[in-house]
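Novice: What shape does this take:
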Amino acid sequence: MAVSAEPEKFREMNITSDSEDEDDPVVSEIPVYMAKGLDCYILQYPVRPGSMSYDSAVMQKFEFRPKNQQVEMHLSLNTQNENYDKSRGEQIALNVDGEKGVPADHRTFKSGLMDTQVFTT
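Specialist: Now for the predicted structure:
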């Protein structure tokens, strides 16, 4: 398939035959717009299995620094899940925040449990 080298000109090409259209029907059409100067980021987790997506995760906070090309996401952890080890979560929160006498606004884990996961690029 050849594409014009000029970005301003686009040509529509029909490269499928009628027999292919019958076997592979169009399910939906999505308009795609090309724009110059648009920054797009794709976030991938190469060491996480595809079956364990973050689709149901609750985003607490999202920070984007375009000049540094950095993204930081704060996702909630489900501390009520049977697989969550509460004693370990308390220990991690204690190690991070120090003693329980620290004011809540200065603590990383306000609940006293490790209840947040942070991803940084």
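
Novice: Buried residues, the longest helix along the chain. List them.
Specialist: When every helix of the chain is counted residue by residue (DSSP state H), the longest turns out to be helix 86-97. Residues 89, 93, 97 are the ones in helix 86-97 that count as buried (16 or more other C-beta atoms under 10 Å). Where you see a C-beta, it was placed from the backbone N, CA and C, and this is true even at glycine.

Novice: likewise stretch 42-49?
Specialist: So for stretch 42-49, nothing qualifies as buried (16+ other C-beta under 10 Å).

Novice: can you map out the strands along this structure?
Specialist: Using DSSP state E, the strands of the chain run over 59-65, 70-76, 116-120.

Novice: So for Val102, which of those strands sits nearest?
Specialist: Val102 lies closest, by C-beta to C-beta, to one member of these: strand 116-120, at 16.5 Å.

Novice: Please work out the average pLDDT along stretch 88-101.
Specialist: When pLDDT is averaged along stretch 88-101, the result is 86.
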